[in-house]
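*Asks:* the following block contains a protein sequence and its predicted model.
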Amino acid sequence: MKYYVLLAVVAAVATALPVEYNEQEDGQEFYLVPVNREKRQTNWGISNTGLGASHAGTIFDNGNHRLDGSAYAAKNFGSHGLRPDQMGGRLDYAHMPSGSNAFIKADNARHYGTDVNAGAQYNFVHRKDLDVGVVGQYGRHFGGPFGTGRPQSYVGLTATGRF
């Protein structure tokens, strides 16, 4: 069932993207695909305790919808093996016209478990000087020396005024 949903999403995105074509004088047709370079940033670092790498960038941005992603991995010099000691990633979605957003992230520390968090904010009033919306978040810790923790979540009302 998951594969059918994934296939449906891919098909919907592929059919929703505009495709333009250009015809030259000799009758040849060329499809014009918009190409834009999104900002991406890769960082490498080394310190006296270990080394790490991270990558962040905009995956999709059409002015109304934006999807950003980031990932990192770190290795301590004192640990054994090739597997990173800490790693994780995050996806952020923003709906520009309403100012609403959502995120999902996961962080894993070897021998200490994995933290998973997800959250969203929906603004039902979005004006130049005022935002009013509903916000919610869910988080849980899995594994590690203390086992899987209880879920933590909240829902609230938020308002932001600009003077």
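*Replies:* Noted; the coordinates are in hand.
*Asks:* could you list the low-confidence segments of this structure?
*Replies:* Scanning the chain for pLDDT under 70 picks out the ranges 1-7, 9-22, 30-39.
*Asks:* which residues of the protein fall in helices?
*Replies:* Per DSSP state H, the chain carries helices over the ranges 2-16.
*Asks:* ok, what's across the strand from the residue nearest in space to the middle of it?
*Replies:* Nearest to the mean C-alpha position of the chain, by CA atoms, centre = their mean, lies residue 91 at 1.1 Å. The partner list for residue 91 in beta bridges (DSSP bridges) reads residue 69, residue 104.
*Asks:* what's near enough to touch the residue at the greatest distance from the centre of the chain?
*Replies:* Here the chain reaches farthest from its C-alpha mean at residue 26, the gap being 45.3 Å by CA atoms, centre = their mean. Residue 26 makes contact with no residue, according to CB atoms under 8 Å, 6 or more residues apart in numbering. All C-beta spots, glycine's among them, are computed from the backbone N, C-alpha and C.
*Asks:* and it, how close does it get to residue 161?
*Replies:* Distance of residue 26 to residue 161, given as CB to CB, to the nearest Å: 61 Å.
*Asks:* before we move on, what about residue 153?
*Replies:* For residue 153, the distance to residue 161 (CB to CB) stands at 27 Å.
*Asks:* more neighbours, these two?
*Replies:* Applying other CB atoms under 10 Å to residue 153 and residue 161 shows that residue 153 carries more neighbours, namely 12 against 9.
*Asks:* for the more buried one, what are its contacts?
*Replies:* Counting by CB under 8 Å, 6+ apart, residue 153 makes contact with 136, 137, 138, 139.
*Asks:* one more time with 10 Å
*Replies:* Neighbouring residues of residue 153 by CB atoms under 10 Å, 6 or more residues apart in numbering: 117, 118, 119, 136, 137, 138, 139, 140.
*Asks:* out of the residues you listed, flag the one nearest to residue 46.
*Replies:* For the contacts of residue 153, the minimum distance to residue 46 (CB to CB) is 28.6 Å, reached by residue 117.
*Asks:* wouldn't that closest one be in contact with residue 136 here?
*Replies:* No. Counting by CB atoms under 10 Å, residue 117 does not reach residue 136; the two are 11.5 Å apart.
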